[in-house]
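Colleague: Mind folding the following:
(chains A and B)
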Protein chains: 2
Amino acid sequence: MSAPIIAIDAMGGDFGPHCIVPASVACLAEFPSLHLVLVGQAPLIETLIAGIPGVDHSRLRIEHAAESIDMGERPGQALRGKPDSSMRVALEMVRDGRAHACVSAGNTGALMALSRHVLKTLPGIDRPAMIAAIPSRNGVCHLLDLGANVDCTAEHLCQFAIMGAVAAEVQGMASPRVGLLNVGSEETKGNQQVKQAAALLEGIEGLNYVGFVEGDGLYRGDADVLVCDGFVGNVLLKSSEGLVTMMVSRFEALFRSTLLGRVAGLLALPLLRRLRGELAPARHNGASFLGLQGIVVKSHGSAGPDGIKSAIRRAMTDVRENLPQRLSGRIEHLIRNM
Amino acid sequence: MSAPIIAIDAMGGDFGPHCIVPASVACLAEFPSLHLVLVGQAPLIETLIAGIPGVDHSRLRIEHAAESIDMGERPGQALRGKPDSSMRVALEMVRDGRAHACVSAGNTGALMALSRHVLKTLPGIDRPAMIAAIPSRNGVCHLLDLGANVDCTAEHLCQFAIMGAVAAEVQGMASPRVGLLNVGSEETKGNQQVKQAAALLEGIEGLNYVGFVEGDGLYRGDADVLVCDGFVGNVLLKSSEGLVTMMVSRFEALFRSTLLGRVAGLLALPLLRRLRGELAPARHNGASFLGLQGIVVKSHGSAGPDGIKSAIRRAMTDVRENLPQRLSGRIEHLIRNM
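Modeller: Next up, the predicted model:
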């Protein structure tokens, strides 16, 4: 893929087009092969672009969409009530082959509903899931779902496991260990969905299922892929990020208090801050929606310019790796073995 | 309460009586008012005590129980199949007024089922919940449920909210802010239980309900009491603990690498280690079961001597504060307002 075309939902996110438009346009200078389509209210986007010096207009287009979806809007309303929203139009560009991927910082539930409706899921997959790589003791753990599905069945969890395993393989991991997040490691532990999902996963040939993994096992590196429902994944990720943020501020206070402390701070704070960045992939780096017939990357609603850039980079990587097609082939094989 | 009598399930936990008996007996020297009843296989317990020098036998009794409950045993089996388990006998001592509190490091599900069966819940409460204080930016947040209930209804979440608020009040907090853990702060966000629970909580007069709180809000101090189902609470707590453990090991490696690093480590590592201790209250400090007609403290299965001591201290505090009776009065008042 020499020239990835990324459709940006220019109206989404907490800060809207005033943040997303300049942040996206800045990526053109950063990524020389990138082509962008900014989707949203054309007059507003044009005004915003006009204020930015040195824009390479040969790699930038605007696609008009009259409506936009609010952050608190119900997914059903976004799906049925707004046929011309920027999010939907950006997804339709991917469906129609006019863009290779869609990036949105908008309402997660709406993006989930519209993605399924416009792009459709891969054969054998009922619902897409959000995935991101979380740092663990000796590498990373691919955690999913991160919030696209707050009510999951055992079958959904199994599909996430399969998609997560394939995504880890695509990224070069051989026979990734797939765990199911649970409150204990004994087979009697857990809620109904998790127990049923475990029974299903044990029966899938070709999947390296390693059983239940507890919360601390995520960071200990007990699995390469860890599966949970989107409610749990979202809470886990955000609480981890909040914990590191709290620790950074405690350390800052400690390190400010003495001269020796300032020396220690020089060493320790960069490590903490880097970890905070790594722990907030959905917020800072974008999370891929797996399981769709097309590439969609969710940038966090409160993402700043760095977040948008990382989401665009994530989308470019998914395009280069041809993720949906490679998922599709492997998923069909694994689901036949279920 | 001048002389609290604590019944210890001497057979529970990953390490069993060989850990629990000496750790409990050591507490007699630490807490001069404490009286202990060690419940379990009397000959074994007697042998273990005989090996410990200087035991104050005037404050120590053994209560024989022939059976013990395995860590992986199904709660139903523990309830119906083992009428003479150490856990059950310890709980019966509380029920019969022969002890003021029960401490167990055993199987959480079994402890939950047996506690409800033997002690009964308070009027208006269907299920007990595990609660512990988690450090937050400016103090602590009381988080519940931490794993006693992995499948919760909206009504259960409401009862947890009421119990958590009252427990925080008992510990001296005026009008504690009660939040519901969710994936977003907008009212359209969340799974069915959480949305329904929010609607119920908004209607309770006398409860300072502050709405949805996201995972990072826990550590930011957005609520004094945070309510979630036991699956989510357990994953949150264990993952936080795992994250801090990972950070401690990363910092240790960093701090070992240079002389300057060693200086920084002297300052930073104690803070990290203290935080790790604070973040593992259920593991290291014991978590109270709220909502029972009696005091039950769960010590983590893998708790060492320090964990047992902290759980006994927690139980003594709950006895002194007369927690169940004070909960009972306030709960009835709040539930009438539901």
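
Colleague: Who are the contact partners of A:Ala78?
Modeller: Contacts here follow Cβ atoms under 8 Å, 6 or more residues apart in numbering or on different chains; on that basis A:Ala78 touches A:69, A:85, A:87-88, A:107, A:109-110, A:113-114. All C-beta spots, glycine's among them, are computed from the backbone N, C-alpha and C.

Colleague: Please read the previous query as pertaining to A:Leu144.
Modeller: Taking Cβ under 8 Å, 6+ apart as the test, what A:Leu144 contacts is A:129-132, A:160, A:163-164, A:225-228, A:233, A:290.

Colleague: Identify the residue with the minimum pLDDT among those.
Modeller: Sorting the contacts of A:Leu144 by confidence puts A:Ala132 at the bottom, with a pLDDT of 88.

Colleague: Report the beta-bridge partner residues of it.
Modeller: When bridges are assigned using DSSP bridges, the partners listed for A:Ala132 are A:Leu143.

Colleague: Neighbours of it, how many?
Modeller: Taking other Cβ atoms under 10 Å in any protein chain shown as the neighbour definition, A:Ala132 ends up with a count of 25.

Colleague: Quick check: residues of the stretch 51-200 of chain A near chain B?
Modeller: Residues of the stretch 51-200 of chain A found near chain B (Cβ under 8 Å from any Cβ of the partner chain) are A:71-75, A:108-109, A:135-137, A:147, A:150-151, A:181, A:183-184, A:186-192, A:194.

Colleague: hmm, back to that, among the contacts of A:Leu144, the buried ones, what's the ChimeraX command?
Modeller: In ChimeraX, the members of the contacts of A:Leu144 classed as buried (16 or more other Cβ atoms under 10 Å in any protein chain shown) are selected with the following command:
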select /A:129,130,131,132,160,163,164,225,226,227,228,233,290
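
Colleague: For chain A, give me the ranges with low pLDDT.
Modeller: By pLDDT under 70, the weakly predicted segments of chain A are A:1-2, A:279-285, A:301-303, A:336-338.

Colleague: on that earlier part again, I'd like the contacts of A:Leu144 as TSV, with distance to B:Ile20 appended.
Modeller: What follows is the contacts of A:Leu144, written out as TSV (distance: Cβ to Cβ, whole Å):
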residue	distance to B:Ile20
A:Ala129	42
A:Met130	43
A:Ile131	42
A:Ala132	41
A:Phe160	39
A:Met163	44
A:Gly164	40
A:Val225	37
A:Leu226	32
A:Val227	35
A:Cys228	33
A:Gly233	36
A:Leu290	46
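
Colleague: So which of the residues of the stretch 51-200 of chain A next to chain B are in strands?
Modeller: Within these, membership in strands is found for A:135-136, A:181, as judged by DSSP state E.

Colleague: Tell me the residue in chain A that is farthest from the middle.
Modeller: A:Leu259 (41.2 Å; Cα atoms, centre = their mean).

Colleague: How much space separates that residue from chain B?
Modeller: Applying Cβ to the nearest Cβ, to the nearest Å, the value for A:Leu259 to chain B is 11 Å.

Colleague: Break chain A into its domains for me.
Modeller: If you go by the TED database, the domain ranges for chain A are A:1-125+A:291-323, A:132-282.

Colleague: returning to what we had before: and which of the ones in strands among the residues of the stretch 51-200 of chain A next to chain B is nearest chain B?
Modeller: A:Leu181 (6.1 Å; Cβ to the nearest Cβ).

Colleague: Pop out the phi and psi values for the closest residue to that closest one other than its chain neighbours.
Modeller: Across the structure, with Cβ to Cβ, 6 or more residues apart in numbering or on different chains as the measure, the residue nearest A:Leu181 apart from its sequence neighbours is A:Cys228 (3.9 Å). Its backbone dihedrals place A:Cys228 at phi -160, psi 170, with angles given as degrees, to the nearest 10.

Colleague: quick one: A:Cys228 and A:Leu236 touch, right?
Modeller: Yes: with the criterion set as Cβ atoms under 8 Å, A:Cys228 and A:Leu236 qualify as a contacting pair; they are 7.2 Å apart.

Colleague: Now the common contact residues for the two.
Modeller: Overlap between the contact sets of A:Cys228 and A:Leu236, as judged by Cβ under 8 Å, 6+ apart, is given by A:143, A:181, B:235.

Colleague: on that earlier part again, now the contacts of A:Leu144 in CSV, with distance to B:His300 and secondary structure?
Modeller: CSV is the format used below for the contacts of A:Leu144 (distance: Cβ to Cβ, whole Å; DSSP: H, G, I helix; E, B strand; the rest coil):
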residue, distance to B:His300, secondary structure
A:Ala129, 31, strand
A:Met130, 31, strand
A:Ile131, 31, strand
A:Ala132, 29, strand
A:Phe160, 29, helix
A:Met163, 34, helix
A:Gly164, 29, helix
A:Val225, 27, strand
A:Leu226, 22, strand
A:Val227, 25, strand
A:Cys228, 22, coil
A:Gly233, 24, helix
A:Leu290, 35, strand
